[in-house]
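Student: What follows is a predicted protein model with its sequence.
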Amino acid sequence: MSSPADASTLLDRHFLEVRARLLEVAATLDRLDRAQGDVSGDPRKDQLDRAIAMLADPEAGRAERLQRLFSRAYSEDWRSQMEL
C-alpha cells in the first residue's frame, strides 16, 4: 500500500492545472457579468454561486458536496424519468 503524497508534493503536481481551471471559471463569470440580460434568477447561476462558496469553505469533503449539489436526487423510477 502506498502512502499518501504530502501537501507540498500535491501542490507542486496540480497547481498549474488548478490555476488554469480557476482562471477559466473567473473568465466565464466575467463574461456573464458583461453579457446583456440577467441570470440572477436562474437556478444554474445559483448552483454556481453555491459551488464557489463551497470551494472557499475549508471544511473537508468539498468534492462530495459539489457532486451532490450538481446531482439529481436518487429516484426508484429513474429509468422512466430518463425515458430509457
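Tutor: Received, thanks.
Student: Same question for Y74, what's its three-state structure.
Tutor: coil (DSSP: H, G, I helix; E, B strand; the rest coil).
Student: Now do it against R68, distance only.
Tutor: To R68, Y74 is 11 Å away according to Cβ to Cβ, to the nearest Å. C-beta coordinates here come from the backbone N, C-alpha and C atoms, glycine included.
Student: Compare the two and say which one has the larger neighbour count.
Tutor: Taking other Cβ atoms under 10 Å, Y74 and R68 do not tie; R68 has more neighbours (11 against 6).
Student: What pLDDT does the model give the more buried one?
Tutor: We have a pLDDT of 94 for R68.
Student: Repeat that for E83.
Tutor: 71.
Student: repeat for P4
Tutor: 76.
Student: Measure how buried it is and give me the count.
Tutor: By other Cβ under 10 Å, the residues close to P4 number 7.
Student: now it: how far from E24?
Tutor: Distance of P4 to E24, computed by Cβ to Cβ: 28 Å.
Student: likewise A35?
Tutor: Per Cβ to Cβ, A35 is found 16 Å from E24.
Student: Counting neighbours, what do you get for L23?
Tutor: L23: 10 neighbours (other Cβ under 10 Å).
Student: next helix or strand past the helix or strand harbouring it?
Tutor: Using DSSP states H and E, L23 sits within helix 7-34. Per DSSP H and E, the first helix or strand lying C-terminal to helix 7-34 is helix 43-56.
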